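Participant: fold the following and give me the result.
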Amino acid sequence: MTRRAILSPEKAVLGLLMRGPMHGYELYQKYATELGPIWRAGRSQVYAILKQLEETGQVAAQTEWQPSRPARKVYHLTPAGRQAFLDWVHQPVKSIHDIRVLFLAKIYFLRQLELGGLEELIAAQKAVCRERMQAIAQAAANLEPTDFAHLVSEFRYRQMEAILGWLDHCSRQFAVQGEST
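Facilitator: Alright, predicted model coming up:
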């Protein structure tokens, strides 16, 4: 799977439809307002995603007629779309880069939709980060401290340390708010 495919906001569109049916423009507005700070998508991109999701059977559309206005499509999740979203939202991300977009979106949806599993997701993400830190440390052990690759490894290791600290902060914050159940 390409990096572009991984960062496609397809799952975010499914997540927004978990709240109930919406027409395309309404969905775009919610996306831009609620997820825009972390995950940008243009209106044409959202419409293209809706068409793709409809073609793959993850959403279905009904035409809604309006007096003195053009008809519009109202989209709703199918059972396949709901399952695809639920499978995605409960899995940790594998890449450091994906934490700033995908992982934040998962936290958003778990909280907004009151799905449960937030504590488990954070714990799973911590485990992924620890595994990554171990792999980085093992690779760096074979390098000379003066090598550029060693410097890069040190950067990535410290980045993971910072992410783990932030994940600990999230756990504490959500526990205080009573949202980690």
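Participant: gap between the lengthiest helix in the chain and the chain center?
Facilitator: The longest helix of the chain (DSSP state H) is helix 148-177. Relative to its parent chain, helix 148-177 has a centroid offset of 18 Å by Cα atoms, centre = their mean, to the nearest Å.
Participant: ditto for stretch 133-141
Facilitator: For stretch 133-141, the separation from the chain centroid amounts to 27 Å (computed by Cα atoms, centre = their mean).
Participant: pLDDT on it, on average?
Facilitator: Mean pLDDT, stretch 133-141: 93.
Participant: buried sites along that stretch?
Facilitator: Within stretch 133-141, the residues scored as buried using 16 or more other Cβ atoms under 10 Å are 133, 136, 140. C-beta coordinates here come from the backbone N, C-alpha and C atoms, glycine included.
Participant: how many residues are close by residue 21?
Facilitator: A count of nearby residues for residue 21, using other Cβ atoms under 10 Å, gives 16.
Participant: who's in contact with residue 125?
Facilitator: For residue 125, the contacting residues are 92-93, 99, 103, 167, by Cβ atoms under 8 Å, 6 or more residues apart in numbering.
Participant: same check on residue 92?
Facilitator: Applying Cβ under 8 Å, 6+ apart to residue 92 gives the contacts 103, 121, 124-125, 127-128.
Participant: for it, give its distance to residue 163.
Facilitator: 11 Å (Cβ to Cβ, to the nearest Å).
Participant: what of residue 138?
Facilitator: Residue 138 is 19 Å from residue 163, where distance means Cβ to Cβ.
Participant: again, but for residue 125
Facilitator: The gap separating residue 125 from residue 163 is 8 Å, by Cβ to Cβ.
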